[in-house]
Structures are given as C-alpha cells and as structure tokens.
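Colleague: from the sequence below, what's the structure:
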Amino acid sequence: MIKQKLLVIGSGIFVVFFTGFPHLWSIYQPYIMESTGWSIDQSRLCFYFALITFAFGNVFGGKIQDRYKPSYAIWLGGIISTISVISSAYTADKSLIGMYVGYALQGIGQGMIYTTVISVFQKWFPTKIGFASGLAVTANAMCGFILAPPSKFWLKNYGPNTTFLLVGILVGLSWILGSIFVKNPPSYEVLSKSSAAINNLTTAQMIKTKEFYMLFVAMIASLLAYFLISPMAQIIQEEKGVPTEYTIYAIMIGPIANSSFKLLLPTIADKLGRLRILKYNIFIGTFGMILIWLGTGYLSSIGIVLVYGSYGGVLGSFPSITSQYFGVKYQGQNYGTMLFGLSFASVVAPITYGFIDGNNYVYAGIISFIMAFLLILALDKNTIKSETKLLVN
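Modeller: Residues are numbered from 1 along each chain as shown. A predicted model of the protein is given here:
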C-alpha cells in the first residue's frame with residue numbers, strides 16, 4: 001500500500017508539473033516577438049487564453065474522473081496538452097491565431113490533469129487534504145522555476161519552434177506515466193471521521209449554497225492583486241528607485257514564495273484551520289500591497305514577493321477549503337467550478353488597467369484584499385454558528 005501511494009504521488013507530481021507550462025510565457029514571448037514582429041499586446045494574449053480555458057478543463061476533467069476513473073481524464077487531458085504544445089512548434093513563427101488556439105487548448109488539457117491529480121491526492125490523504133492539495137499545486141508552481149533555465153537555453157540555441165517540440169515530448173511522457181500510476185485508493189470512500197468531507201455535494205447542489213458564492217467572490221478578490229502587480233513587477237521597482245539590474249531578484253524570488261506558500265499554508269491549515277490560515281494569507285498580501293504603495297526602493301521588492309506568496313497561498317488553500325465545505329467525492333468538478341474565480345480575476349485585471357489611471361491600480365488591489373478578508377471572516381462566523389446549532393441539536 002505504501003509503495004503504491006509513493007508511485008501515485010511521484011507520478012502525479014511529474015504529470016501535474018507540466019500543467020504550469022503557460023506561466024513560462026514571459027520567457028518565450030520575446031523570442032516569438034523577435035521572429036514574428038507581433039506586438040506585446042498581441043503576443044501576451046496567449047498566456048491569458050491558457051489561463052481562461054484552464055477552468056473549463058478543470059470542470060471537464062473533474063467530471064470524467066468523478067464519473068469514470070482518473071486515468072481517462074489524464075489520457076484525454078494529456079493528449080490535448082501534447083498536441084497543443086507541439087502544434088506551437090509549427091505556428092510560433094507563422095500564425096498568431098494558431099498560437100491562440102494552441103494555448104487555449106493547452107489550458108483545457110492542463111486543467112483536466114490538474115484537478116484530477118488534486119482529487120486523487122486528497123483521497124489518498126483523507127485526514128491531510130491540505131497537505132495533499134499543496135503537493136499538487138506546488139508541483140504546478142515549480143514548473144516555472146525548474147523549466148525556466150532549460151527553456152532559456154533551448155530558445156537561445158535552437159529557437160522557439162524546436163523548444164516547443166522538446167517540451168511537447170516531455171509533456172507526452174508525463175501523462176503516459178501519470179495515466180499508469182495515478183489511481184484512487186482501493187477504499188477511498190471510507191474516510192476517517194476527522195476528514196473534512198462528511199457531506200458530499202454534487203456541483204449542482206454546491207452552486208445552490210451561499211457558501212459557494214462567498215468563496216467564489218473571495219477567490220476572485222484575493223487573486224486580483226497578483227494579476228495587477230505581476231505584469232508590472234519590474235516597472236514598479238524601477239519607479240520606486242530599485243536599479244534595473246536588481247529588479248530581477250524579486251521576480252525570481254516571487255515564484256519561490258508562491259511555491260512555498262502553496263505547500264506550507266494548506267499543510268499548516270490541516271492543524272490550525274483552513275479559513276483561519278487563509279485570513280492570515282490575505283493579510284500578508286494586503287501588507288505586500290501597502291509596501292508597494294508606500295514603500296520605496298527594496299521595500300517595494302519585498303511587497304511584490306509577498307503578493308506572489310499570497311497568490312500561492314490562495315491557490316494552495318482553496319482545493320482543501322472546497323473539500324471541507326462540499327466533500328471529496330465530487331472534488332474534481334467542484335473545485336473546477338470554483339477555479340473559474342481564477343479565470344475571472346485574470347480577465348478583470350486587464351480591464352481594471354483601462355479604468356484606472358497611473359498607479360492607482362494599487363488601491364484596487366488593496367480594496368480587493370479587504371473585500372476577500374471580510375467575506376472569509378463572515379463565512380467563518382457563519383460556519384461556527386452552524387456547528388454550534390448542530391451541537392445543541
């Protein structure tokens with residue numbers, strides 16, 4: 001049993017690792033622009049298309065693995081991901097629309113794999129679903145850190161076309177391995193009494209609850225600051241007086257904070273409470289935004305790192321929070337639906353730029369964090385009241 005669990009975890013981490021590939025777009029973008037002449041606005045849409053369709057892939061993959069078995073979702077998601085990445089090898093220097101379609105399909109395929117692995121991990125660790133979720137989402141985050149150096153080498157020496165081909169081959173190998181070993185435990189429905197999943201709600205039942213909408217809006221609000229700050233990270237630091245050659249350090253340390261928060265916070269939340277830790281995480285993000293707003297020099301760099309970390313903490317915490325409120329059985333579909341909050345935040349951020357002048361988007365980030373905190377606070381109080389009523393009855 002232990003050997004099987006290790007195989008599931010190892011292969012699951014390997015396959016979900018490549019679902020973070022779109023987040024490397026900032027490295028690929030300059031090479032694509034140089035070879036095609038496409039503008040920044042045209043080329044960066046590839047990243048947003050992948051992010052928007054990612055939620056659809058989560059819902060689709062979750063439905064397949066909930067109804068049938070995980071390997072089916074990984075097979076289909078893996079095939080879509082592999083074809084879409086390899087197709088970029090033939091469209092990177094020819095067709096902007098082809099790149100858009102390829103990255104949109106990437107998001108679907110990667111979303112199918114992502115939600116499946118999270119759901120399976122939670123079933124193997126029914127009393128530590130925060131830790132289980134953290135393993136999967138951290139592997140996704142580490143893609144940008146680990147795959148960045150070889151991507152830079154390949155892009156510099158072989159160009160984007162060959163690089164996409166090499167990455168596509170690696171993606172293909174990952175899902176083949178994942179489909180063989182990523183399986184539900186034999187007795188996953190027999191959950192311990194201390195597990196968060198006591199009432200298993202279907203997605204149709206979940207979206208009829210007020211808790212879903214409170215969590216959904218809180219997710220959007222707590223992620224918005226990251227999407228406002230991330231594309232501007234270098235410019236913000238330069239305006240605050242950080243030398244250009246040193247701005248890269250916050251951009252490099254940020255993903256490390258992102259990955260660390262994704263694993264550490266949900267793991268700690270297994271002991272101290274998920275909403276409690278999420279409130280602390282939102283406070284950290286708010287403090288980071290205040291440093292960006294009021295700080296000068298390297299204080300702004302620290303603020304950016306804290307916002308990156310808070311982003312990771314949100315994405316690391318929400319899978320287990322979703323299971324806590326709506327159960328593990330339909331976790332694939334349920335969290336996939338909840339993850340539309342990520343897509344909404346990624347769409348709202350560029351729209352916000354159009355309505356707010358200058359650096360006033362910092363205020364929008366602070367306000368959104370405060371809104372998220374109040375929603376989680378209200379949800380926490382409501383949960384305590386409900387549990388008290390159950391104990392009295």
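
Colleague: please make it C-alpha for all contacts and neighbour counts, starting now.
Modeller: Fine.

Colleague: could you pull up the residues touching A364?
Modeller: Neighbouring residues of A364 by C-alpha atoms under 8 Å, 6 or more residues apart in numbering: A225.

Colleague: now the helix or strand containing it: mean pLDDT?
Modeller: If you go by DSSP states H and E, A364 is part of helix 361-392. Across helix 361-392, pLDDT averages out at 76.

Colleague: one more: stretch 245-258?
Modeller: pLDDT averaged over stretch 245-258 gives 82.

Colleague: what's the answer for stretch 73-85, then?
Modeller: 92.

Colleague: mind listing what's buried along it?
Modeller: Within stretch 73-85, the residues that qualify as buried are 73-85, counting by 16 or more other C-alpha atoms under 10 Å.

Colleague: same question for stretch 261-280.
Modeller: 261-267, 269-270, 274-275, 277-279.

Colleague: so where's the chain shaky on pLDDT?
Modeller: 1, 187-198, 353-359, 383-393 (pLDDT under 70).

Colleague: one more time with 50, if that's ok
Modeller: 190-197, 386-393 (pLDDT under 50).

Colleague: care to break this protein down by domain?
Modeller: What automatic domain parsing lists as the domains of the chain is 2-181, 203-392.

Colleague: CA atoms only: put stretch 257-267 into CSV for me.
Modeller: Presented in CSV, the C-alpha positions along stretch 257-267 are these (Å, rounded to 0.1, in the frame of the first residue of the first chain):
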residue,chain,number,x,y,z
ALA,A,257,7.4,32.3,-2.3
ASN,A,258,4.5,31.3,-4.5
SER,A,259,5.5,27.6,-4.4
SER,A,260,6.4,27.7,-0.7
PHE,A,261,3.0,29.2,0.3
LYS,A,262,1.2,26.7,-1.8
LEU,A,263,2.6,23.8,0.2
LEU,A,264,3.2,25.2,3.6
LEU,A,265,-0.1,27.1,4.3
PRO,A,266,-2.6,24.3,3.4
THR,A,267,-0.4,21.9,5.4
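
Colleague: now tell me what touches that stretch from outside.
Modeller: 128, 130-131, 133-135, 137-139, 141-142, 274, 277, 305-306, 308-317, 320.

Colleague: can you report how many residues neighbour the residue nearest to W25 when sequence neighbours are not counted?
Modeller: Distances taken as C-alpha to C-alpha, 6 or more residues apart in numbering place F47 nearest to W25, at 6.3 Å, with adjacent residues excluded. F47 has 21 neighbours, counted by other C-alpha atoms under 10 Å.

Colleague: what about F47, distance to V117?
Modeller: F47 sits 22 Å away from V117, going by C-alpha to C-alpha, to the nearest Å.

Colleague: in helices, which of the contacts of stretch 257-267 fall?
Modeller: 130-131, 133-135, 137-139, 141-142, 274, 277, 305-306, 308-317, 320 (DSSP state H).

Colleague: tell me where the stretch 1-150 of the chain has helices.
Modeller: With DSSP state H, counting those that start in this stretch as the criterion, the stretch 1-150 of the chain has helices at 2-17, 25-36, 40-67, 70-91, 96-124, 129-146, 148-181.

Colleague: quick one: buried residues of the first one?
Modeller: Spelled out, that is helix 2-17. For helix 2-17, by 16+ other C-alpha under 10 Å, it's K5, L7, V8, I9, S11, G12, I13, F14, V15, V16, F17.

Colleague: ok, residues contacting it?
Modeller: For helix 2-17, using C-alpha under 8 Å, 6+ apart, the contacting residues are 110, 113-114, 117, 121, 124, 135-137, 139-143, 171, 174-175, 177-178, 181-183.

Colleague: how about 6 Å then?
Modeller: Residues outside helix 2-17 that contact it (C-alpha atoms under 6 Å, 6 or more residues apart in numbering): Y114, V117, A139, N140, C143, S174, W175, G178, F181, V182.

Colleague: how far off centre is that helix?
Modeller: Its chain's C-alpha centre and that of helix 2-17 lie 19 Å apart, by C-alpha atoms, centre = their mean, to the nearest Å.

Colleague: got it, and the longest one?
Modeller: Computed by C-alpha atoms, centre = their mean, the chain-centroid distance of helix 148-181 equals 20 Å.

Colleague: give the buried residues for it.
Modeller: So for helix 148-181, counting by 16+ other C-alpha under 10 Å, buried means 148, 151-152, 154-155, 159-168, 171-172, 174-179, 181.

Colleague: next one: stretch 34-46
Modeller: Here stretch 34-46 shows W38, S43, R44, L45, C46 as buried, counting by 16+ other C-alpha under 10 Å.

Colleague: and what of stretch 106-115?
Modeller: Q106, G107, I108, G109, Q110, G111, M112, I113, Y114, T115.

Colleague: likewise for stretch 218-234?
Modeller: 218-230, 233-234.

Colleague: out of these, which sit inside helices?
Modeller: 218-229, 233-234.

Colleague: can you name the two of those that sit furthest apart?
Modeller: A218 and Q234 (27.4 Å; C-alpha to C-alpha).

Colleague: which one of the buried residues of stretch 261-280 is nearest F21?
Modeller: Among the buried residues of stretch 261-280, and counting by C-alpha to C-alpha, the member closest to F21 is K262, at 17.0 Å.

Colleague: now the closest one: which helix or strand?
Modeller: Using DSSP H and E, K262 falls in helix 247-272.

Colleague: quick one: that helix to helix 129-146, angle?
Modeller: Relative orientation of helix 247-272 versus helix 129-146 (axes from the mean of the first three to the mean of the last three C-alpha atoms, to 10 degrees): 170 degrees.

Colleague: show me how far helix 247-272 is from its chain's centre.
Modeller: So, by C-alpha atoms, centre = their mean, the centroid of helix 247-272 is 12 Å from its chain's centroid.

Colleague: got it, and stretch 80-99?
Modeller: Its chain's C-alpha centre lies 23 Å from the corresponding centre of stretch 80-99 when counted by C-alpha atoms, centre = their mean.

Colleague: first-to-last residue distance for it?
Modeller: 14 Å.
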